[in-house]
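Novice: Need the 3D shape of this:
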Amino acid sequence: MNKTLRNVLIVIAVAAAVAFVPGGGDTAAVVRAFLSIAISVTFVLLGMRFYRENRVTIFSLGDTHRGLLYGALGAIVVALAGRDQLTNSGIGSIVFVALLVGAVGALYAVWQHYRSYGY
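Specialist: This is a model prediction of the structure:
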């Protein structure tokens, strides 16, 4: 049997179980929550490793650019954490996009500073 066909059949079987088995939607919600937590923990662990490996470079950026870096990362976390509530209204969507654009701009400024000093 072709691998692609097998994988499609597995997805169809899981979708049928969620749709037709009593409590399937609740089980799917639990699995979704578990996967969401696992992905979040993975990002935190990767961030910790990145910080430990690049601590000297981060501290050599200077207070201003290090503050920009931390502020940008914080803005991204806040925007993604509040995404569902922010995107429910027009003003919230504008705030969401503004947070992300501002954070990307700050990260770009930090990257330019980092590149200009030849780290």
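Novice: CA only for contacts and neighbour counts going forward, please
Specialist: Fine.
Novice: Check the offset of whichever strand or helix holds Ala38 from the chain's centre.
Specialist: Assigned by DSSP states H and E, Ala38 belongs to helix 24-53. When distances are taken as C-alpha atoms, centre = their mean, to the nearest Å, helix 24-53 is centred 10 Å away from the chain's centroid.
Novice: Now that helix: buried residues?
Specialist: 24, 28 (16 or more other C-alpha atoms under 10 Å).
Novice: So which elements touch that helix?
Specialist: Secondary-structure packing of helix 24-53 (3 or more C-alpha pairs under 8 Å, 6 or more residues apart in numbering; DSSP states H and E): helix 3-20.
Novice: Ramachandran angles for Gly62?
Specialist: phi 100, psi 160 (degrees, to the nearest 10).
Novice: what about the helix holding Ala38, average pLDDT?
Specialist: Here helix 24-53 scores 89 as its mean pLDDT.
Novice: Thank you kindly, that will do.
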